[in-house]
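S.K.: Give me a model of this one.
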Amino acid sequence: MYSLKDGFYLINLIKSVLNDTCAQEKPIDVSFENVYELACAHEVAGISFLGIQKLENKCDNELYEKWRNKYYLSLERDFEQTVAGDKIEQLLSENGYKHLSAQGREVKKYYPSPELRMMSDIDFIVQKEKLSEIKTLLLSNGYTLTDENQEEISVTDGINLIEIHTDFFYSQRTFQNGVKCLSVLNNPFKIALTNDNLTFFLDDTNLYLFNVLHLYKHFLSSGAGIRRITDIYVLKRELKNVDYERIGILLDRAWLGETDKNITNLALSWFENSNSSVDENLAKTVFLSENHGSRQAVAIRRYKKEKDKRKPFAKIRYAFSRFFVDKKTCYKLYPFCKKHRYPLFLCWIHRFNCFIFHPKKSAQALKELSVKDDRENN
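M.R.: Numbering: from 1, shown residues only. I've put the predicted structure just below:
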């Protein structure tokens with residue numbers, strides 16, 4: 001398990017890349033293996049490798065090769081997602097649909113190099129009244145539907161996940177943080193700019209505001225990891241025309257001003273040569289959140305999403321899917337299985353034995369399968 005010192009050293013590696021400097025050599029009480037695992041959990045292994053590359057005393061060759069492969073993977077993924085995003089954008093434009101590129105696809109433009117900012121999926125915003133037509137268009141062009149509700153759809157081209165939204169945030173009752181964010185920023189096509197009335201983009205102020213709100217939404221629902229804190233720092237440094245006074249007023253009205261200040265101070269204390277003190281409790285929360293939030297919080301959120309679809313037996317089906325996890329997850333949860341390279345069915349048997357014969361060790365996993373009624377009403 002990684003420590004706070006491991007986390008702060010990972011931040012040191014990322015900082016060196018963002019500021020084109022050399023990271024300090026690894027302290028004796030920091031583990032390269034732990035730093036690597038934490039970097040993978042937060043999807044910042046690619047950018048941190050470039051920091052490792054400049055060290056005089058690097059990690060062992062085996063770990064170095066694994067780390068370097070993560071960087072190569074980030075290059076490959078960036079190319080694939082760029083091509084896939086451009087294809088969607090062209091398809092929407094050719095068929096006369098207004099669209100706004102959102103989230104990571106826009107943020108990565110401000111990093112020293114785009115592959116340094118990994119993306120889990122490709123996000124676009126379209127007009128709500130056109131969502132059904134766009135769904136038909138995408139399916140007729142070979143995309144496969146993976147999820148849908150009245151406000152958004154998800155499709156895949158076999159490699160990349162593409163999410164088509166109809167507003168900046170999801171407004172359903174189980175996502176109250178999204179509702180609060182919508183009170184600050186909404187109506188994408190009224191506030192966005194365009195040169196052709198089809199392809200829209202946000203000005204610096206709204207781009208920064210959107211990312212602050214997006215971080216807030218994740219932070220208070222399941223947690224926000226290192227990558228989102230890094231986004232705030234990069235945007236704050238690179239965007240030249242942000243109206244911070246207007247943003248402050250809007251956030252204060254929604255009682256979000258203090259959260260914004262805390263996150264901004266954390267980002268500056270991590271990545272800028274500032275005298276800001278580090279809030280270790282906040283830092284620990286971020287480190288434990290991993291990229292998409294803490295495991296238990298993500299489990300609750302996914303169950304809520306299933307329930308919101310009004311499908312029968314959602315809890316049973318969700319519990320089933322959480323028990324029979326993939327091999328990569330099994331190897332992460334059970335090093336014994338990884339050590340002996342168990343095939344997937346043996347991993348499941350081992351997981352079952354842990355639940356039956358080691359109930360105390362499995363308590364955290366069992367919590368993922370039970371959601372309290374008061375949480376359901378949040």
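S.K.: Which phi and psi values does residue 165 adopt?
M.R.: phi -100, psi 170 (degrees, to the nearest 10).
S.K.: Number of residues surrounding it?
M.R.: Per other Cβ atoms under 10 Å, the neighbour tally for residue 165 reads 21. All C-beta atoms are positioned from the backbone trio N, CA, C, and that covers glycine.
S.K.: Okay, it and residue 152: tell me how far apart.
M.R.: 5 Å (Cβ to Cβ, to the nearest Å).
S.K.: Then residue 54?
M.R.: Distance from residue 54 to residue 152, by Cβ to Cβ: 41 Å.
S.K.: can you check residue 232 too?
M.R.: 24 Å.
S.K.: higher neighbour count, these two?
M.R.: Of the pair residue 232 and residue 152, residue 232 is the one with more neighbours under other Cβ under 10 Å, namely 22 against 19.
S.K.: which stretches of the stretch 1-150 of the chain form helices?
M.R.: For the stretch 1-150 of the chain, applying DSSP state H, counting those that start in this stretch gives helices covering 4-18, 32-41, 45-53, 61-94, 104-107, 131-140.
S.K.: export these to TSV and tack on distance to residue 345?
M.R.: Putting those into TSV (distance: least, Cβ to Cβ, whole Å) gives the following:
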stretch	distance to residue 345
helix 4-18	34
helix 32-41	25
helix 45-53	29
helix 61-94	26
helix 104-107	36
helix 131-140	34
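S.K.: what's the most buried one of the ones you listed?
M.R.: helix 45-53 (a mean of 24; mean count of other Cβ atoms under 10 Å).
S.K.: Output the contacting helices and strands for that helix.
M.R.: Helices and strands touching helix 45-53, by 3 or more Cβ pairs under 8 Å, 6 or more residues apart in numbering; DSSP states H and E, are helix 4-18, helix 32-41, helix 61-94.
S.K.: Just put those helices in TSV and tack on distance to residue 182 and mean pLDDT.
M.R.: Shown next, in TSV, are the helices and strands packed on helix 45-53 (distance: least, Cβ to Cβ, whole Å; pLDDT from 0 to 100):
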stretch	distance to residue 182	mean pLDDT
helix 4-18	31	95
helix 32-41	30	94
helix 61-94	23	96
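S.K.: Compare the helices of the stretch 1-150 of the chain and give me the one nearest residue 352.
M.R.: Nearest to residue 352, of all the helices of the stretch 1-150 of the chain, is helix 32-41, at 25.3 Å by Cβ to Cβ.
S.K.: Return the alpha-carbon coordinates of stretch 84-99 using CSV.
M.R.: Taking Å, rounded to 0.1, in the frame of the first residue of the first chain, the C-alpha atoms of stretch 84-99 are listed here in CSV:
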residue,chain,number,x,y,z
ALA,A,84,-11.9,8.7,-33.2
GLY,A,85,-12.9,12.2,-31.9
ASP,A,86,-12.2,13.8,-35.2
LYS,A,87,-14.3,11.2,-36.9
ILE,A,88,-17.3,11.9,-34.6
GLU,A,89,-16.9,15.6,-35.1
GLN,A,90,-16.8,15.3,-38.9
LEU,A,91,-19.9,13.0,-38.8
LEU,A,92,-21.9,15.4,-36.7
SER,A,93,-20.8,18.4,-38.9
GLU,A,94,-21.6,16.7,-42.2
ASN,A,95,-25.1,15.9,-40.9
GLY,A,96,-25.8,19.4,-39.6
TYR,A,97,-25.7,18.7,-35.9
LYS,A,98,-24.4,21.3,-33.4
HIS,A,99,-21.7,19.9,-31.1
